[in-house]
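*Asks:* A predicted structure for the sequence below; I have some questions about it.
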Amino acid sequence: MSEITNDPRLKQAAEEAIAKAVDRRVISFTLDGETYWIKRKMGNGRKQFAKYSVEKEFYFEVAKMTIAGRMAPLLVPEILVLTPDYMVTKDGGRTLKNWLDTDMPEEDKEQLLEEAGRALCSLHQAGIVHGRPALRDITWKEGNFTFLDWENCMLTKDIEEQKAVDLILLLHGLAREDYREEGHRMEALDRGYLAQGGEKTRENAIRLFRKHGVLCRIVKALSPFHMVDVEAARKVCEYFLN
């Protein structure tokens, strides 16, 4: 990752965009035909347990992106402008969620998910854990994946367990969409992760489910209530343990 330039024209364009959308936390704008994104130091409107203050959360994300960008520059958005109130990064393309909701042929979607699994494993092999990879926070453009939204911090300090949780959360995000083809899509993502050398992390994920087997039994018991996140958790439990 190169040094933050704080290009004056880019900064001016960003501040003009903010002035037109003062209540928004995330804003896009265009300059010289390129699309950029602003993320402001603002709360996201959700009260979340064990989250940092808005101030600490913003700088935690900046620090995490800076470190991750040096270790895996192709997978992390480059911060082009940084002020005490916002950061600016270049657009990384459509999100994985957007791509899966297009009329792209199913085999291409599964190939995309397989490559996304490889990308997550590459991130882990660089020693970086995302914290909450989600379909809406992974972009793809011209063959390159970018991971967004680095503000999340895991409770466990065990780096290998964190990698396993990353993999579980990405599969959970896929399962919660309730796609008709979700089984094949989960397999595709998992296959890509394994192909990149993620066997150990996958084994740790299975170990976590076995260790907390009671949770799998609980989500299975709650299945009749059709709660989205609970149902997704049940599907991931069954995927790893069956």
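*Replies:* Perfect, I can see it now. Numbers count the residues shown, from 1 in each chain.
*Asks:* Gln111 touches Arg191, doesn't it?
*Replies:* No. With contact defined as C-beta atoms under 8 Å, Gln111 does not count as touching Arg191 (10.4 Å). In this view, the C-beta of every residue, glycine as well, is placed from N, C-alpha and C.
*Asks:* Tell me the buried residues in the top helix by length along the chain?
*Replies:* The longest helix of the chain (DSSP state H) is helix 106-125. The neighbour-count check on helix 106-125 (16 or more other C-beta atoms under 10 Å) flags 109-110, 112-124 as buried.
*Asks:* right, and the helix or strand after it?
*Replies:* strand 138-141 (DSSP states H and E).
*Asks:* for the most centrally placed residue in the chain, what are its contacts?
*Replies:* The chain has Pro133 as the residue nearest its centroid, 2.7 Å off, counting by C-alpha atoms, centre = their mean. Each residue near Pro133 by C-beta atoms under 8 Å, 6 or more residues apart in numbering is listed here: 120, 147, 166, 169-170, 173.
*Asks:* show me the residues around the spatially closest residue to it that is not a sequence neighbour that make contact.
*Replies:* Nearest non-adjacent residue to Pro133, counting by C-beta to C-beta, 6 or more residues apart in numbering: Leu170, 4.4 Å away. Neighbouring residues of Leu170 by C-beta under 8 Å, 6+ apart: 116, 120, 133-135, 189.
*Asks:* where does Leu170 land on pLDDT?
*Replies:* In this model, Leu170 is scored at 98, pLDDT.
*Asks:* I'd like the next helix or strand past the helix or strand hosting it.
*Replies:* Element membership of Leu170 [criterion: DSSP H and E] is helix 159-176. Downstream of helix 159-176, the next assigned helix or strand under DSSP H and E is helix 182-195.
*Asks:* between the following helix or strand past that following helix and helix 182-195, how many degrees?
*Replies:* For helix 182-195, the succeeding helix or strand toward the C-terminus, using DSSP H and E, is helix 199-211. Between helix 199-211 and helix 182-195, the angle comes out at 130 degrees (axes from the mean of the first three to the mean of the last three C-alpha atoms, to 10 degrees).
*Asks:* State the mean pLDDT of helix 199-211.
*Replies:* Per-residue pLDDT values over helix 199-211 give a mean of 97.
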